[in-house]
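Participant: I would like the atomic coordinates for the input below:
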Amino acid sequence: MQAYLLFSISLCLAVGSLAERPHPCKSPPLVEGSMALTILKEKTFGVEKFSYDAFEERVHIRLLLDQDNHTTYRDTLLLYKEGIAYQIFRHNQTCEKVHFKDPWKPMEIPRDAKFQSQVIIGSLSAPAEGLLVNNWSGTMAESHDDYLLTFTEFGCLPVHAWWYNIEDQTLLSLSFFDMVLGVEDPEVFNPPSFCDKAQPGNDAALTTFFDALI
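Facilitator: As a prediction, this is how the structure comes out:
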């Protein structure tokens with residue numbers, strides 16, 4: 001009886017939320033999680049773990065990438081405020097340090113995004129069987145890529161995102177999973193000690209966040 005009552009309450013909340021038009025939102029400032037990456041044109045697939053800090057504008061990405069049947073591992077630390085990125089090679093304890101001037105882009109729904117729909121992933125037939133999400137679309141001002149974003153209604157966490165460039169017909173798809181609030185180890189945003197002697201160079205190697213992904 002208690003489970004049925006809790007389910008009824010959650011169903012009423014969901015229905016009430018559906019009656020209100022969602023607004024663009026920002027994800028929590030400290031998040032860790034994983035995501036699957038696909039670039040269809042380049043036949044690129046990857047699984048990534050990331051740590052995200054919106055307070056200090058830092059992202060740490062650890063990516064296992066399969067591109068044209070060739071597997072590589074990338075460990076990249078992006079320090080937006082400092083304008084520096086580290087590409088870390090732990091197997092031989094070396095680093096590449098490059099200037100990184102990409103503007104900070106928080107994990108959020110852009111203010112000019114268009115609300116498309118609110119749906120349930122899964123089912124509302126029983127408690128904890130469904131996830132309420134919102135779908136948004138728009139066009140990026142800088143690159144003119146079209147995008148479609150899916151974020152949770154409660155918590156504003158990303159579920160799925162894709163970007164499509166009509167000129168070169170490239171589709172980038174990201175699916176998020178195993179996300180948690182907070183960062184377990186803040187040291188993940190500090191370059192390892194063997195990077196201390198690395199000097200900035202090769203400025204063209206890493207210019208945007210998407211370069212770190214692919």
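Participant: ranges for the strands of this structure?
Facilitator: 30-39, 44-53, 58-67, 70-79, 84-89, 94-99, 114-122, 130-139, 146-152, 158-165, 170-181 (DSSP state E).
Participant: burial measure for the residue nearest to residue 152 when sequence neighbours are not counted, as a count.
Facilitator: Leaving aside its chain neighbours, residue 152 sits nearest to residue 133 (5.5 Å; criterion: CB to CB, 6 or more residues apart in numbering). In this view, the C-beta of every residue, glycine as well, is placed from N, C-alpha and C. When counting by other CB atoms under 10 Å, one arrives at 21 neighbours for residue 133.
Participant: could you give the bridge partners of residue 133?
Facilitator: residue 119, residue 152 (DSSP bridges).
Participant: ok, it - contacts?
Facilitator: Going by CB atoms under 8 Å, 6 or more residues apart in numbering, residue 133 touches 118-121, 150-153, 159.
Participant: and these, which two are furthest apart?
Facilitator: 120 and 151 (14.1 Å; CB to CB).
Participant: which of these two has more neighbours?
Facilitator: Set side by side, residue 120 and residue 151 show more neighbours around residue 151, with 26 against 14, by other CB under 10 Å.
Participant: any idea how far the more buried one is from residue 108?
Facilitator: Between residue 151 and residue 108 the computed distance is 9 Å (CB to CB, to the nearest Å).
Participant: common neighbours of the two, please.
Facilitator: 25, 27.
Participant: what about residue 110, distance to residue 40?
Facilitator: Residue 110 sits 23 Å away from residue 40, going by CB to CB.
Participant: now swap in residue 64 and tell me
Facilitator: When residue 64 is compared with residue 40 (using CB to CB), they lie 18 Å apart.
Participant: repeat for residue 134
Facilitator: From residue 134 to residue 40 the distance is 25 Å (CB to CB).
Participant: what about those two, which has more around it?
Facilitator: Counted by other CB under 10 Å, residue 134 and residue 40 do not tie: residue 134 has more neighbours, with 24 against 14.
Participant: which residue packs closest to the more buried one, ignoring adjacent ones?
Facilitator: Of all residues not flanking residue 134 in the chain, residue 22 sits nearest, at 4.6 Å (CB to CB, 6+ apart).
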